[in-house]
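J.: Everything below, folded, please.
(4 chains)
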2 protein chains.
Amino acid sequence: MLSKKTKYGIKALTFLAKQKGQVPVQIEVISKSENISQKFLETILLTLRKNGFLGSRKGKGGGYYLLKEPKDINMAAVMRILEGPIALVPCVSLNFYERCADCPDENTCSVHKLMIEVRDSSLSIFNNRTLADLVP
Amino acid sequence: MLSKKTKYGIKALTFLAKQKGQVPVQIEVISKSENISQKFLETILLTLRKNGFLGSRKGKGGGYYLLKEPKDINMAAVMRILEGPIALVPCVSLNFYERCADCPDENTCSVHKLMIEVRDSSLSIFNNRTLADLVP
DNA sequence: TATTAAACCTACTAAATCGATAGGATAATT
DNA sequence: AATTATCCTATCGATTTAGTAGGTTTAATA
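T.: Now for the predicted structure:
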């Protein structure tokens, strides 16, 4: 299941992508428009900023804005920042790999085999979609 | 992320699929062979039995066995019983649909749009794989 | 320069979920 | 009757999630 954090983060990015120009948008505006708790959204936008997706300006007239064109914001990258691994199991994750403690041999593991297929198909979607594709 | 329940459940099903004949296999045998806590596995096998995947026999010589041929056990069905929805978001789930409280219109929701694609690709994998495909 | 408006930051918390365990009840074999 | 196995339900501790609190910093503007 997708966390609310990811869901809200994607919604906020989409909202910003819809804005004309580079005018900063305040958290409050996004949170009201998208029905997201303002305080929660605050922390989400913060991590998006710290990871290079958003810029911000403090004080009056401040807010958040996209640092790149929507078409240059890859959804796999967004997912990894907000949600973490795209794979359903750490042992098939490309960016968050971890061995399974219980599994003696990945090559003969039935779960491993199946989850690699799922990862590949999900990944190909996220890798081939940008924020621009999500804007209505 | 896949729960341990699902992971262990699939491993146990695969283990049973590897057995020759319909001889019941005891929980203890599976749990030791697959490094799964016996008590935890007990509850997992119970739900697999209650959902028509496994049969069981009590007492000496008892245990669990597959009720169907591995090639007739669809992995989408297994996933739905063990893990729940295949979709990442309830609003795109076919079998566990729920409206998002925050979302005024699914048709223009960016998350919805993306997650439908992901669901479709995951689903086509799970629907086209059976337990037989997972046996090494 | 004082005020106001906004993001920034860290810690905290309530609730839910997860992984696992406890401990007996039931049923089948020998 | 004794043994062996599943059956069943409740509980528990740890972790994660979603959200809140409450102040700090920075920038614009009157």
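J.: Wasn't A:Tyr65 part of a strand?
T.: Yes: counting by DSSP: H, G, I helix; E, B strand; the rest coil, A:Tyr65 falls inside a strand.
J.: Quick check: phi and psi on A:Leu2?
T.: Main-chain dihedrals, A:Leu2, degrees, to the nearest 10: phi -70, psi 140.
J.: shouldn't it be in contact with B:Met115?
T.: Yes: the criterion here is C-beta atoms under 8 Å, and A:Leu2 meets it with B:Met115 at 7.0 Å. Bear in mind the C-beta positions are built from the backbone N, C-alpha and C, glycine included.
J.: Spell out which residues are contacts of both of the two.
T.: B:Leu88, B:Val89 (C-beta atoms under 8 Å, 6 or more residues apart in numbering or on different chains).
J.: who's more crowded, those two?
T.: B:Met115 (22 against 19; other C-beta atoms under 10 Å in any protein chain shown).
J.: pretty sure A:Gln38 contacts A:Ile27?
T.: Yes: look at A:Gln38 against A:Ile27 with C-beta under 8 Å: they come within range, at 5.9 Å.
J.: Those two: which is more packed in?
T.: A:Ile27 (20 against 13).
J.: Pretty sure the more buried one sits against A:Ile36.
T.: No: using C-beta under 8 Å, A:Ile27 is not in contact with A:Ile36, being 9.2 Å away.
J.: In PDB, could you pull the C-alpha coordinates for the longest helix along chain A?
T.: Secondary structure of chain A per DSSP state H: the longest helix is helix A:110-127. Presented in PDB, the C-alpha positions along helix A:110-127 are these (Å, rounded to 0.1, in the frame of the first residue of the first chain):
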ATOM      1  CA  SER A 110      10.100 -18.700  -5.400                       C
ATOM      2  CA  VAL A 111       9.300 -15.400  -3.900                       C
ATOM      3  CA  HIS A 112      12.400 -13.800  -5.300                       C
ATOM      4  CA  LYS A 113      11.600 -15.100  -8.800                       C
ATOM      5  CA  LEU A 114       8.100 -13.700  -8.800                       C
ATOM      6  CA  MET A 115       9.000 -10.400  -7.200                       C
ATOM      7  CA  ILE A 116      11.700  -9.700  -9.700                       C
ATOM      8  CA  GLU A 117       9.100  -9.800 -12.400                       C
ATOM      9  CA  VAL A 118       6.800  -7.500 -10.500                       C
ATOM     10  CA  ARG A 119       9.600  -5.000  -9.800                       C
ATOM     11  CA  ASP A 120      10.600  -4.900 -13.400                       C
ATOM     12  CA  SER A 121       7.100  -4.100 -14.600                       C
ATOM     13  CA  SER A 122       6.500  -1.500 -11.900                       C
ATOM     14  CA  LEU A 123       9.800   0.000 -12.500                       C
ATOM     15  CA  SER A 124       9.400   0.300 -16.200                       C
ATOM     16  CA  ILE A 125       6.200   2.300 -15.600                       C
ATOM     17  CA  PHE A 126       7.700   4.700 -13.000                       C
ATOM     18  CA  ASN A 127      10.800   5.100 -15.100                       C
END
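J.: And it, what's buried?
T.: Of the residues in helix A:110-127, those buried under the neighbour-count criterion (16 or more other C-beta atoms under 10 Å in any protein chain shown) are A:110-119, A:121-123, A:125-126.
J.: biggest separation within these, which pair?
T.: A:Ser110 and A:Phe126 (24.9 Å; C-beta to C-beta).
J.: What segments of chain A are strands?
T.: A:54-57, A:63-66 (DSSP state E).
J.: DNA strand D: which of those is closest?
T.: Of all the strands of chain A, it is strand A:54-57 that lies closest to DNA strand D, at 6.2 Å by C-beta to the nearest atom of the strand.
J.: Can you tell me the closest non-neighbouring residue to the residue of chain A positioned farthest from its centre?
T.: Centroid-distance maximum for chain A: A:Pro104 at 32.8 Å, with C-alpha atoms, centre = their mean. Distances taken as C-beta to C-beta, 6 or more residues apart in numbering or on different chains place B:Asn35 nearest to A:Pro104, at 7.8 Å, with adjacent residues excluded.
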